[in-house]
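Student: Build me a model from this:
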Amino acid sequence: MTTTVTEINAFTGGRFGGNPAGVCLPPSKLSDADMQSIAAQMNLSETAFIFSEKDGFRIRWFTPKMEVKLCGHATLASAFFLWDSGLVTGNRITFHSLSGVLSADRNGDKISLNFPAKPSYTEDFHKEIKSTFGIKPIFTGKSEFDYLIEFADEAAIKNLKPDFKKIETIQARGIIVTARSASPDYDFVSRFFAPAVGVNEDPVTGSAHCTLAPYWSAKTGKTKMTGFQASERGGVVEVELKNGRVLLTGEAEKVRTLSVENGVVKF
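Tutor: Numbers count the residues shown, from 1 in each chain. Got it, this is the predicted structure:
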C-alpha cells in the first residue's frame, strides 16, 4: 500500500509556530496497528486518519503512543488539508469521531471547529500539584479528560519546569495549566502536559480549550475570548461558547507531504 501523510501546522499562520499534525487519507482501510505505527513514525502530537463517508468524514487521532478521543489541532489540520487539496469545495466539513459529530467551517484564512464543551469541576489535589510544579495553585479541577490548574500569573505559567515522570502517574490524559494573560491581546494563557499519552508538552491544544473556554468565561463573563498557548512554538486559539459547545478558531499552514510505502514513512 502506498499513501501519503501531510504535515500541517495548526493554530498558526506560519511554518514555525503552532502545533504540527499529520493528516492521512488512505486509499483503503488501515488496521489500528498500521495507524498507530504511522503515528509513531511521524512522532507528532497527533496524526489524524480520515476516511470518506457519504455525509462527511470519519476521523481518528493517534499520538505516538495511543489513540485519543478528541483532538482540536489535528482536526483543524484535517479540514485545512481537505480544502487545500480540493477534495472539499463547500465551506463546511462534517467529521464523525469518538466524541460525536464535529464540524469545521471556513471563513477566509480561518477555520472554526464546533466541539463539545468539557467543563471542569473543583477537585482538591493541591499537595500533589505543589510537589509536581513547586508552587501553590489558585484552582485545581478535573474535566472529562484532563486536570485544570490556575496559577497566579502568566509569569508562573511560562516559568514552570514540570516533572514529566510525576505527571505521567496522574490518572488523566494530561494537565492544563493556565493564568490570566498579561497582554491585552489575550484573555488567558495556558500550557498542556500529557506524557501519559506520549506527549510531554503539546505546542497548542485545541481540545484543552474546550475546558479553558467555560472556565474563563465563568471568571470573565465573556463568551468570546482569545487564548495564547505559551509553549516554545506558541499558538493562538480564538474561543466562543455557543449552545453548550465551544467554537475553536485558528489558521493553518502546510509544511510538507511524505509518502508511506508498506506502512513505512519515507522522510
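
Student: Now do the helices in the stretch 101-250 of the chain.
Tutor: 126-133, 154-159, 164-168, 209-220 (DSSP state H, counting those that start in this stretch).

Student: Report pLDDT for the closest residue to Gly198 other than its chain neighbours.
Tutor: Closest residue in space to Gly198, ignoring its immediate chain neighbours: Lys65 at 3.0 Å, by Cβ to Cβ, 6 or more residues apart in numbering. C-betas here are computed from N, CA, C, even on glycine. On the pLDDT scale, Lys65 is placed at 96.

Student: got the contact list for Lys65?
Tutor: Contacts for Lys65 were tallied using Cβ atoms under 8 Å, 6 or more residues apart in numbering; they are Ala40, Val197, Gly198.

Student: and which of those residues is nearest to Pro119?
Tutor: Distances from Pro119 to the contacts of Lys65, taken as Cβ to Cβ, are shortest for Val197 (21.1 Å).

Student: Next, count neighbours for the residue nearest to the closest one when sequence neighbours are not counted.
Tutor: When the adjacent residues along the chain are set aside, Val197 lies closest to Thr63, with 4.8 Å between them (Cβ to Cβ, 6+ apart). Neighbour count for Thr63, taken as other Cβ atoms under 10 Å: 25.

Student: Correct me if wrong: Thr63 contacts Ile38.
Tutor: No. Counting by Cβ atoms under 8 Å, Thr63 sits too far from Ile38 to count as a contact (11.9 Å).

Student: just to revisit the earlier point, redo the helices of the stretch 101-250 of the chain as CSV? Include distance to Gly13, mean neighbour count and mean pLDDT.
Tutor: Putting the helices of the stretch 101-250 of the chain into CSV (distance: least, Cβ to Cβ, whole Å; neighbours: other Cβ atoms under 10 Å; pLDDT from 0 to 100) gives the following:
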stretch, distance to Gly13, mean neighbour count, mean pLDDT
helix 126-133, 32, 15, 74
helix 154-159, 22, 16, 96
helix 164-168, 30, 14, 90
helix 209-220, 18, 22, 98
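
Student: Next, format those helices as TSV and append distance to Ser97.
Tutor: Below are these laid out as TSV (distance: least, Cβ to Cβ, whole Å):
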stretch	distance to Ser97
helix 126-133	31
helix 154-159	29
helix 164-168	25
helix 209-220	13
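
Student: May I have the residues that are in contact with the residue nearest to Val197?
Tutor: Ala39, Ser45, Glu46, Ala194, Val197, Gly198, Val199.

Student: Counting by contacts, list what the lowest-mean-pLDDT helix or strand in the chain packs against.
Tutor: The helix or strand of the chain with the poorest confidence is helix 126-133; it has a mean of 74 (mean pLDDT, DSSP states H and E). Judged by 3 or more Cβ pairs under 8 Å, 6 or more residues apart in numbering; DSSP states H and E, the packing partners of helix 126-133 are helix 164-168.

Student: Check which helices and strands the helix it packs on sits against.
Tutor: So helix 164-168, by 3+ Cβ pairs under 8 Å, 6+ apart, packs with helix 126-133.

Student: what does the helix it packs on rub up against?
Tutor: With Cβ under 8 Å, 6+ apart, helix 126-133 has contacts from Lys136, Pro137, Thr140, Ile149, Phe151, Leu160, Pro162, Asp163, Lys166, Ile167, Ile170, Val177.

Student: Give me the buried subset of those residues.
Tutor: Pro137, Thr140, Ile149, Phe151, Leu160, Pro162, Ile167, Ile170, Val177 (16 or more other Cβ atoms under 10 Å).
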